[in-house]
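Engineer: predicted model and sequence below, questions to follow.
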Amino acid sequence: MKFKATLFAICLLFCFGCKEGPKEAEQKETNLVTAPENSEVLSTFEDLEGNLVELSDYKGKRVLLNFWATWCRPCIEEMPSLLKAEAALANENYVFVLASDQSIEKIKAFKEKKGFDFRYLKFNGAMADFAINALPATFIYNETGELIQRIDGATAWDSPEIINQLKAIK
């Protein structure tokens, strides 16, 4: 009888003692996932002249923010379709911004060599701030600065489906 009571007490302790552990782990995991979706991103960008730029500077516009790198083949391969999408959405109040954490000099050299005429920014934050593990990664914000959609990987930006999705964002 004493053995059963001890075993019962241990089971109760185990059940109630472990209850808080998973909640804390869940909470931390949730914070990691939701943090990049915060519409007020604290990261700083610079234009190619070294002027500070914030995403909030584009409030009132829909923003397509594409993270890329000069060494990223899929990033470069999707650029022609990004240019076509930018042209197709010219009357839709969109700003296309391409951000890289590489140096301004590397970005300028890439722009000159490849001839892609985008609004390039140097990203001074950490890719982890946006939960970016691979490039390209694209974030689409509405006119109030709210993150509406995230697209990971290269995309056919000029496809009718994507153009219609971008037009529908409010």
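Structural biologist: Right, received. Where do you want to start? Residues are numbered from 1 along each chain as shown.

Engineer: quick one: low-confidence parts of the chain?
Structural biologist: Within the chain, the segments meeting pLDDT under 70 span 1-43.

Engineer: could you list the domains of it?
Structural biologist: 2-35, 43-168 (automatic domain parsing).

Engineer: quick one, which of these is packed in tightest?
Structural biologist: Of all the domains of the chain, domain 43-168 carries the top mean neighbour count, a mean of 16, counting by mean count of other Cβ atoms under 10 Å. For the C-beta atoms, the positions are set from N, CA and C on the backbone; glycine is no exception.

Engineer: how much distance is there from that one to the middle of the chain?
Structural biologist: How far domain 43-168 lies from its chain's middle: 10 Å, per Cα atoms, centre = their mean, to the nearest Å.

Engineer: likewise for stretch 158-170?
Structural biologist: Counting by Cα atoms, centre = their mean, stretch 158-170 comes out at 18 Å from the chain centroid.

Engineer: and residue 122, its phi and psi?
Structural biologist: phi -90, psi 130 (degrees, to the nearest 10).

Engineer: tell me which residues touch it, please.
Structural biologist: Neighbour list for residue 122: 45-48, 99-104, 107 [criterion: Cβ atoms under 8 Å, 6 or more residues apart in numbering].

Engineer: ends of stretch 127-146, how far apart?
Structural biologist: Start and end residues of stretch 127-146 are separated by 19 Å (Cα to Cα, to the nearest Å).

Engineer: all strands for this structure, in order.
Structural biologist: If DSSP state E is used as the criterion, the strands of the chain fall at 45-46, 52-53, 62-67, 94-100, 119-123, 137-141, 147-152.

Engineer: what angle separates the fourth one from strand 119-123?
Structural biologist: With axes from the mean of the first three to the mean of the last three Cα atoms, to 10 degrees as the criterion, the two stretches strand 94-100 and strand 119-123 enclose an angle of 40 degrees.

Engineer: make 12 the first number, not 1, from now on.
Structural biologist: Sure thing, new numbering starts at 12, so read that last one as strand 105-111.

Engineer: what lines up beside strand 105-111 in the sheet?
Structural biologist: Strand pairing for strand 105-111, determined by DSSP bridges: strand 73-78 (parallel), strand 130-134 (parallel).
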